[in-house]
Structure formats: C-alpha cells, structure tokens
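Engineer: My questions concern the predicted model and sequence given below.
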Amino acid sequence: CSKPSAALGSGETMGGTRQQHVPKFGLWRGTSVMLLRTLFILSCRFAPSSAEQSSVKPLDDGNFDKTERGEWAVDFYAPWCSHCRALEPVWIKVANELKKKGSNVNVAKLDAVLNPISAKQNGVRGYPTIQFIRDGALVAEYASASRDADSIMKWISSLETKQQELGVEDKAATTDSSARGSSSSGAADADGTVSSLLSLEIIKESIRRAPIVACGVCAGFGGMVGIFTGVFIGVVYSLHLKKIA
C-alpha cells in the first residue's frame, strides 16, 4: 500500500476506497476510564477501614505524649516503604485481635517522615520499626524477622504479661507490708498491755504498803514530839528547882 496523497480527501485512498476513521479522543477516553477504574480499585484496597480507625490509633508529634500514660505498641512507618505497606493489614489485625481479647495495650502508628521529632527521640533509624512503650519509656523493640500477626501479638502479650506479674508482685509486697505492720502493731499492743499490768501491780503494791509507811511516819513524828516534850519538861523542872533553892 502506498502512502495516501495529501490531495485526496480525508478517509479516502488512491483507489477511491473509503477507510474507517477512528477519532483520537476516543483512545484517550478509553485509557482514562481504565486508569480511573484502576485508581478506584486501589483506593478501595488501601483505604483505611472503620476497624482501623477505631483500633489503630494515629500518633504525631503533637499528641505523642499520650504514650506517657499506659502501654503502647507503636509502628513507626514511612509511606514510601514497601515493607511498611505490607505490614499495614497485619498491624490492623493485631490491633483488632488485642482489642477483642480485652488487652490494655494501645496499638498505634506514626508517620515517621511527617513526624521526625518523635521518631528521632525514640531512636528510629529504619522502617518499619515497632516499639513497646510503657509510661513514656521504651521497653523493647521488635527485632524478629517474622512480621506476621501471631508473632507480633505473642511478643506484645509477653511484655504485657510481665507488667501484670509486676502488678501481682507489688500487690504481694503490699500485703506483706500490711502483715508486718499488723504484727508490729500486735507486738506493740502486747507490750503496752504488759506495761499496763506492771503499772497496775506497782500501784496495788503501793496501796498495800501505804498503811505501813504511814505508821512509820507517825511513829517517827511521835518520837520527835516525845523528845521535844521531854526536853521542855526537863527545862521547866530545872527552872522550878532553881526558884525553890
């Protein structure tokens, strides 16, 4: 086939046969529809679900101080990281399962690219980084190569269990302290009772001996009175004898 001449009309060949004309905008329209359809499917696939919004708590530099109260499992991620995108559905499952089990651990995520301050303060150097934080302090960092939901939940549960054991130990220590306090109080009460009994015996003995002491005092007082009386009589008698003489 030869190249169509410019003098011929649009859609015609040299032999006079008319060819079917396909408008260029039709191709662009078909391509655009396919592209929009693909974007819609991807947006439905990766759009955050209601379960994620209720279970996985978003953190940023402005509210990261929430981790200072309670226990937190935080996923530090980067939007461009393929491993982070692969971990996202797993992380949602972890949050949902822990919530169903009644766990007190807060499952959260933080975009380390948009929030570099919190990431730097927690020593994040790679993505994804999963950390377990208790009352603002880093307890442990997930170092296993297995990033499935079961492995991560087992790791989180082990750390939460340690915290529960610490609570039991604290309770036992408190009970022991209370028991010691009760024992000390009982000993003090016993000592006080003994002291009271001794004091009572002393008082009784004093009362019993009081008449004897009183008689001794009276006798002594009477002896002194007799001495003074005898001296007085002797002096008077002497003066009387002098007058007679």
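Structural biologist: Cool, the structure landed.
Engineer: Name the next helix or strand following the least confident helix or strand in the chain by mean pLDDT along the chain.
Structural biologist: Here the helix or strand of the chain ranked lowest by mean pLDDT, DSSP states H and E is helix 50-55, holding a mean of 54. Scanning forward in sequence from helix 50-55 by DSSP states H and E, the next helix or strand is strand 57-59.
Engineer: is it true that Asn122 touches Val139?
Structural biologist: No. Using Cβ atoms under 8 Å, Asn122 makes no contact with Val139, being 11.7 Å away. All C-beta spots, glycine's among them, are computed from the backbone N, C-alpha and C.
Engineer: Pick out whichever of these two has more residues nearby.
Structural biologist: A direct count of neighbours by other Cβ atoms under 10 Å for Asn122 and Val139 places Asn122 higher, at 18 against 15.
Engineer: so what's the more buried one up against?
Structural biologist: 74, 76, 131, 133, 138 (Cβ atoms under 8 Å, 6 or more residues apart in numbering).
Engineer: Of the residues you listed, which belong to strands?
Structural biologist: Residues of the contacts of Asn122 located in strands (DSSP state E): 74, 76, 131, 133, 138.
Engineer: The last one - how many residues pack around it?
Structural biologist: A count of neighbours around Leu138, defined by other Cβ under 10 Å, yields 14.
Engineer: Name the residues linked to it by a beta bridge.
Structural biologist: Under DSSP bridges, the beta-bridge partners of Leu138 are Ile133.
Engineer: Tell me how many other residues crowd Leu36.
Structural biologist: 10.
Engineer: circling back to that earlier point, so which of the ones in strands among the contacts of Asn122 is the most crowded?
Structural biologist: Most neighbours among those, by other Cβ under 10 Å: Phe76, with 26 neighbours.
Engineer: and the gap between it and Phe132?
Structural biologist: Distance, Phe76 to Phe132, by Cβ to Cβ, to the nearest Å: 12 Å.
Engineer: returning to that earlier point: from the ones in strands among the contacts of Asn122, which is closest to Leu36?
Structural biologist: Ranked by distance to Leu36 (Cβ to Cβ), these are led by Phe76 at 33.5 Å.
Engineer: pLDDT at that closest one, what is it?
Structural biologist: pLDDT for Phe76: 98.
Engineer: Any regions of the protein where pLDDT drops low?
Structural biologist: 1-33, 38-54, 161-245 (pLDDT under 70).
Engineer: give me the element Leu98 is part of.
Structural biologist: helix 82-100.
Engineer: Can you name every helix or strand that that helix contacts?
Structural biologist: The helices and strands touching helix 82-100, judged by 3 or more Cβ pairs under 8 Å, 6 or more residues apart in numbering; DSSP states H and E, are helix 50-55, strand 71-77, strand 106-111, helix 149-244.
Engineer: So Ala143, which state does it fall into?
Structural biologist: coil (DSSP: H, G, I helix; E, B strand; the rest coil).
Engineer: Can you check which residues contact both of Asn122 and Val139?
Structural biologist: With Cβ under 8 Å, 6+ apart, Asn122 and Val139 have common neighbours Ile133.
Engineer: Same list (the ones in strands among the contacts of Asn122) but as JSON lines, adding distance to His83.
Structural biologist: Formatted as JSON lines, these follow (distance: Cβ to Cβ, whole Å):
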{"residue": "Val74", "distance to His83": "16"}
{"residue": "Phe76", "distance to His83": "12"}
{"residue": "Gln131", "distance to His83": "16"}
{"residue": "Ile133", "distance to His83": "21"}
{"residue": "Leu138", "distance to His83": "21"}
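Engineer: From the contacts of Asn122, pick the one nearest Glu97.
Structural biologist: Closest approach between those and Glu97, by Cβ to Cβ: Val74, at 17.0 Å.
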